[in-house]
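1. any chance you can model this:
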Amino acid sequence: MLRFSVLYNGCSLRATETARMSEPASGTLRTGVSRTSVLRLAVPVIFASIGVSLSGIADTAVMGRMPDPVYLSATAIGATLFSTLYWAFGFLRMSTGGLVAQAFGAQQLERQRRIVWRGIVLATGVGLAILVLTEPLLWLALRPMEDADGMHALVRDYVGVRSWSAPAVLMLFVVHGALVGRQSMRALLAVQLLQTVLNVALNIVLFTFTDLDVRGVALATVVADVVALTVALAWLSPLLRGEARERGDSLLGGWLFERAELARLVSMGGHLFVRSLCLTGAYFWFTAAGTRLGVAVVAANAILLQLMQFTSFFLDGFAHAAEALVGQAIGQRDPAALRAAVRAAAELSIVVAMTLSAVFALGGGAFIDAMSTDESTRSVTREWLGWVVALPVVGVGSFLLDGIFIGATRTLPMRDSMVAALLLFFGATWLLVPALGNHGLWAALLIMLAARAAGLGLALPGLLGRAAAVP
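-> The predicted model follows:
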């Protein structure tokens with residue numbers, strides 16, 4: 001049996017040293033928050049998130065070299081089906097991250113352990129349910145989509161392989177939240193780099209040496225997910241074990257189903273589930289509406305969505321930093337640190353959003369050329385590039401405010417603002433797509449992002465006024 005002794009966010013973790021895991025790299029919990037402290041947390045998450053984006057880019061680039069764009073379209077739809085489905089259960093990461101961050105700030109090691117175990121048990125059950133229900137879920141997902149050039153059969157091939165990693169992916173959500181809440185961003189980066197490198201390498205090998213086509217892309221993702229989970233759980237094993245043997249505690253003890261903690265988890269999870277379901281529904285609607293505009297639009301949007309994912313993961317670095325620091329400040333009951341975390345994260349997020357827009361404006365064309373060798377796909381994709389150039393500046397508020405509200409475990413405003421934004425999105429697509437085609441579809445998406453930010457922005461003063469006083 002392998003024994004792990006690793007450097008974990010600057011601290012040496014061993015099973016006999018679990019008491020030290022409540023401390024960050026400095027060994028003390030700092031209440032002062034600056035741009036430097038935000039960057040210290042955000043930069044590793046940004047690099048980890050770039051790794052996530054690179055995995056998707058590798059999938060797109062491999063299928064973009066197939067002789068027919070239907071392969072790229074099918075891969076994009078299959079990947080989108082899973083991302084939308086998994087996003088619906090994003091509450092596993094978000095609730096774990098917010099609750100662990102507050103327990104971390106309060107230096108409650110045992111509470112952190114219990115929060116993570118509850119999340120893992122729940123994630124395992126949900127993942128197994130997804131695996132069992134794959135066929136009916138796929139049937140429902142494909143019904144509103146046109147079956148152009150045999151695309152449905154290819155999507156089924158992709159989904160049939162990819163579904164096997166559902167439990168691993170959802171458990172990774174919980175581990176991700178635990179690492180963010182504990183400000184262990186270097187460990188998060190290491191796990192994600194492993195997952196990305198393995199996924200890209202397997203993509204290349206399977207595309208070069210087999211005829212698995214879309215099934216090879218899915219298989220590469222499944223193997224990378226399972227390996228990443230195994231390594232992440234090994235890293236977290238000191239926290240997960242705690243001191244249970246000395247206390248005679250057990251995983252199936254009464255604490256796992258403690259009524260007050262379960263009620264809080266269910267309340268948060270319910271709000272976040274509705275929020276995530278609305279968000280995933282919007283992106284699914286975006287993809288489905290694109291299929292009605294033709295295969296060329298689906299292929300073009302698949303490329304542009306890679307830039308959008310890159311944007312979201314990049315801005316999520318600062319949202320994750322805000323989540324960790326806001327949760328820590330609330331756990332410590334430090335209003336000054338809470339306000340400083342919000343201010344520093346907001347300043348840096350805006351600068352990064354403006355930079356991303358400039359990069360997309362200057363280099364978006366080269367990115368499109370790298371993603372596809374088909375000249376017609378390149379041409380139509382350039383037609384809609386301007387919407388992705390505007391996206392970082394329009395969407396920065398929604399990403400950052402999500403992180404702030406997650407760290408504060410204030411999930412009701414997240415639900416309500418997303419419901420309102422979704423209704424605006426549906427209305428905008430109904431009005432704009434018939435008149436403007438894919439331009440109208442992208443315009444509706446940006447309207448939704450702006451509405452999310454506006455809704456949470458209205459609730460922010462109340463959060464800053466109350467959250468620091470809540471345990």
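2. where does pLDDT dip in the stretch 1-150 of the chain?
-> 1-32, 52-53, 56, 64-68, 148-149 (pLDDT under 70).
3. roughly how far apart are residue 397 and residue 186?
-> 28 Å (Cβ to Cβ, to the nearest Å). Where you see a C-beta, it was placed from the backbone N, CA and C, and this is true even at glycine.
4. higher neighbour count, these two?
-> A direct count of neighbours by other Cβ atoms under 10 Å for residue 397 and residue 186 places residue 397 higher, at 22 against 18.
5. per-residue pLDDT, the more buried one?
-> What the model reports as pLDDT for residue 397 is 93.
6. once you drop chain neighbours, what's closest to it?
-> Computed as Cβ to Cβ, 6 or more residues apart in numbering, the closest residue to residue 397 that is not its neighbour in sequence is residue 453, at 3.1 Å.
7. the one you found and residue 405, how far apart?
-> 12 Å.
8. so the two - more neighbours on which side?
-> With neighbours defined as other Cβ under 10 Å, residue 453 and residue 405 compare such that residue 405 has more, 28 against 20.
9. surely the more buried one and residue 415 touch.
-> No - checked against Cβ atoms under 8 Å, the pair residue 405 and residue 415 is beyond contact range at 10.1 Å.
10. just to revisit the earlier point, tell me who's in contact with the residue nearest to residue 397.
-> 395-398, 401 (Cβ atoms under 8 Å, 6 or more residues apart in numbering).
11. that one and residue 413, how far apart?
-> Using Cβ to Cβ, residue 453 is found at 12 Å from residue 413.
12. then residue 230?
-> As defined by Cβ to Cβ, residue 230 lies at a distance of 37 Å from residue 413.
13. and these two? Which one has more around it.
-> residue 413 (21 against 13).
14. ok, that one to residue 42 distance?
-> Counting by Cβ to Cβ, the gap from residue 413 to residue 42 is 23 Å.
15. next one: residue 139
-> In terms of Cβ to Cβ, residue 139 sits 41 Å off from residue 42.
16. kindly report the same for residue 360.
-> Distance, residue 360 to residue 42, using Cβ to Cβ: 20 Å.
17. okay, those two: which has more neighbours?
-> Applying other Cβ under 10 Å to residue 360 and residue 42 shows that residue 42 carries more neighbours, namely 30 against 23.
18. just the element for that one, please.
-> Taking DSSP states H and E as the criterion, the element that holds residue 42 is helix 35-63.
19. so after that helix, what's the next helix or strand?
-> Next element after helix 35-63 (DSSP H and E): helix 69-88.
20. for the closest residue to residue 420 other than its chain neighbours, grab phi and psi.
-> In space, and not counting its chain neighbours, residue 420 is closest to residue 455: 5.7 Å by Cβ to Cβ, 6+ apart. Dihedral pair for residue 455: phi -60, psi -50, per degrees, to the nearest 10.
21. same deal with residue 133?
-> phi -100, psi 20.
22. distance check, it against residue 285.
-> Distance from residue 133 to residue 285, counting by Cβ to Cβ: 21 Å.
23. just give me how far stretch 123-142 sits from the chain centre.
-> Chain-centre distance of stretch 123-142: 19 Å, with Cα atoms, centre = their mean, to the nearest Å.
24. run through who's touching it.
-> Contacts of stretch 123-142 (Cβ under 8 Å, 6+ apart): 81, 85, 89, 92, 152, 155-156, 159-160, 163-164, 166-171, 173-174, 284.
25. let's see that stretch as PDB, backbone CA atoms only.
-> What follows is stretch 123-142, C-alpha atoms only, in PDB (Å, rounded to 0.1, in the frame of the first residue of the first chain):
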ATOM      1  CA  ALA A 123     -21.500  12.700  -4.500                       C
ATOM      2  CA  THR A 124     -21.000   8.900  -4.800                       C
ATOM      3  CA  GLY A 125     -24.800   8.400  -4.600                       C
ATOM      4  CA  VAL A 126     -25.600  11.000  -7.200                       C
ATOM      5  CA  GLY A 127     -22.800   9.700  -9.500                       C
ATOM      6  CA  LEU A 128     -24.100   6.200  -9.400                       C
ATOM      7  CA  ALA A 129     -27.600   7.500 -10.200                       C
ATOM      8  CA  ILE A 130     -26.300   9.300 -13.200                       C
ATOM      9  CA  LEU A 131     -24.600   6.200 -14.400                       C
ATOM     10  CA  VAL A 132     -27.800   4.100 -14.100                       C
ATOM     11  CA  LEU A 133     -30.000   6.800 -15.800                       C
ATOM     12  CA  THR A 134     -27.700   7.600 -18.700                       C
ATOM     13  CA  GLU A 135     -29.900   6.200 -21.400                       C
ATOM     14  CA  PRO A 136     -33.100   8.000 -20.500                       C
ATOM     15  CA  LEU A 137     -31.200  11.200 -19.800                       C
ATOM     16  CA  LEU A 138     -29.600  11.000 -23.200                       C
ATOM     17  CA  TRP A 139     -32.900  10.300 -24.900                       C
ATOM     18  CA  LEU A 140     -34.400  13.500 -23.300                       C
ATOM     19  CA  ALA A 141     -31.300  15.500 -24.300                       C
ATOM     20  CA  LEU A 142     -31.300  14.500 -27.900                       C
END
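26. in it, which residues are buried?
-> Within stretch 123-142, the residues that qualify as buried by neighbour count (16 or more other Cβ atoms under 10 Å) are 123, 126-127, 130, 134, 138, 141-142.
27. turn these into CSV, including secondary structure and distance to residue 354.
-> Output for those, formatted as CSV (DSSP: H, G, I helix; E, B strand; the rest coil; distance: Cβ to Cβ, whole Å):
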residue, secondary structure, distance to residue 354
123, helix, 36
126, helix, 38
127, helix, 39
130, helix, 38
134, helix, 42
138, helix, 40
141, helix, 36
142, helix, 39
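28. pick the one among those closest to residue 336.
-> The closest of the buried residues of stretch 123-142 to residue 336 turns out to be residue 123 (Cβ to Cβ; 35.4 Å).
29. give me the neighbour count for residue 455.
-> 19.
30. before we move on, the earlier item: filter the contacts of stretch 123-142 down to just the ones in strands.
-> Among the contacts of stretch 123-142, DSSP state E puts none in strands.
31. so where does residue 116 fall, helix or strand?
-> Going by DSSP H and E, residue 116 is in helix 109-132.
32. and the angle from that helix to helix 69-88?
-> 140 degrees (axes from the mean of the first three to the mean of the last three Cα atoms, to 10 degrees).
33. can I get stretch 329-337 in CSV, CA atoms only?
-> Output in CSV follows, covering the C-alpha atoms of stretch 329-337 (Å, rounded to 0.1, in the frame of the first residue of the first chain):
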residue,chain,number,x,y,z
ALA,A,329,-13.1,36.1,7.4
ILE,A,330,-16.6,35.0,8.4
GLY,A,331,-15.3,32.0,10.3
GLN,A,332,-13.0,34.4,12.2
ARG,A,333,-15.7,37.1,12.5
ASP,A,334,-13.5,39.7,10.9
PRO,A,335,-15.5,42.4,9.1
ALA,A,336,-12.4,44.3,8.0
ALA,A,337,-10.9,41.2,6.3
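34. report the distance from that stretch to the chain centre.
-> Mean-position distance between stretch 329-337 and its chain equals 26 Å (Cα atoms, centre = their mean).
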